[in-house]
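Q: what's the 3D shape of this:
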Amino acid sequence: MPARDYANHPLVRSEFTGQMISTHSEEWRHECEVAYLLAMPLPKRNLFLDGVSGSTDRDERGIKGVRGEAAVAVLRSEIQRLSEIRQRG
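A: Predicted structure coming up:
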């Protein structure tokens, strides 16, 4: 797959790296997802991540039921990391 050219897309500063990244990049999509999850109240976030045990409904399975436990572990780690970055200011 050829490299994407983001030259004509808006750039924003990554909270994770401090570098400028395209708003059309996977890095930006990931940061937005993590920021969205961090903004959720903890009970809602846990349900969104872990889902309803045994459910076959895609919306109720949560991220764990769709992407797996490893993906949820990465997201939880990134949520914690972003929280710490924001606390440092």
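Q: all strands of this protein, in order?
A: For the chain, the strands defined by DSSP state E cover 11-13, 20-22.
Q: To residue 29, which of these lies closest?
A: strand 20-22 (10.2 Å; C-beta to C-beta). Every C-beta, even on glycine, is put in place using the N, C-alpha and C of the backbone.
Q: Which positions within the closest one qualify as buried?
A: 21-22 (16 or more other C-beta atoms under 10 Å).
Q: okay if I get the strands of the chain as JSON lines plus mean pLDDT and distance to residue 83?
A: Formatted as JSON lines, those follow (pLDDT from 0 to 100; distance: least, C-beta to C-beta, whole Å):
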{"stretch": "strand 11-13", "mean pLDDT": "95", "distance to residue 83": "18"}
{"stretch": "strand 20-22", "mean pLDDT": "95", "distance to residue 83": "20"}
